[in-house]
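Trainee: sequence and predicted structure are below.
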Amino acid sequence: MDINRVKQILSSSADIKVIYNGVSVWIDELHEDQEMVTCHLRGPLEERTQVPVAELKEV
């Protein structure tokens, strides 16, 4: 995925499915200068982690 698509997803009101390492995640915040995002798994656990934008996939 690229930074521009992450920005579009963050500004969208639609439920856009994003995958990281085969797991569905919510993107919480973009760190554009580092090309990273803060995200958390969909579901009851909300542990947040930072991952590279390039490793995200849209389904």
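Mentor: Yes, it's here.

Trainee: going on from the strand ranked longest in the chain, what's the next piece of helix or strand?
Mentor: When the chain is scanned for its longest strand (criterion: DSSP state E), the result is strand 23-31. Next helix or strand after strand 23-31 toward the C-terminus (DSSP states H and E): strand 36-41.

Trainee: what is the burial count for Val53?
Mentor: Using other C-beta atoms under 10 Å, Val53 is surrounded by 19 other residues. (Glycine included, C-beta is placed from N, CA and C.)

Trainee: nearest spatial neighbour of it, chain-adjacent residues omitted?
Mentor: Of all residues not flanking Val53 in the chain, Glu35 sits nearest, at 5.0 Å (C-beta to C-beta, 6 or more residues apart in numbering).

Trainee: repeat for Glu46
Mentor: Nearest to Glu46 is His40, by C-beta to C-beta, 6+ apart, at 4.9 Å.

Trainee: what residues are up against the one you found?
Mentor: Val25, Trp26, Asp28, Glu46, Glu47, Arg48, Thr49 (C-beta atoms under 8 Å, 6 or more residues apart in numbering).

Trainee: that older thread, right, and the residue nearest to Val53 touches Ala54 too?
Mentor: Yes: contact criterion C-beta atoms under 8 Å: Glu35 and Ala54 qualify, at 7.0 Å.

Trainee: who are the contact partners of the spatially most central residue of the chain?
Mentor: When C-alpha atoms, centre = their mean is applied to the chain, the residue found nearest the centroid is Ile27 (3.3 Å). With contacts defined as C-beta under 8 Å, 6+ apart, Ile27 is in contact with Val6, Ile9, Leu10, Val18, Val37, Thr38, Cys39, Leu56.

Trainee: repeat the analysis, applying 6 Å as the threshold.
Mentor: Ile9, Val37, Cys39 (C-beta atoms under 6 Å, 6 or more residues apart in numbering).

Trainee: follow-up on the earlier one: nearest to Ala14, of the contacts of His40?
Mentor: Trp26 (12.8 Å; C-beta to C-beta).
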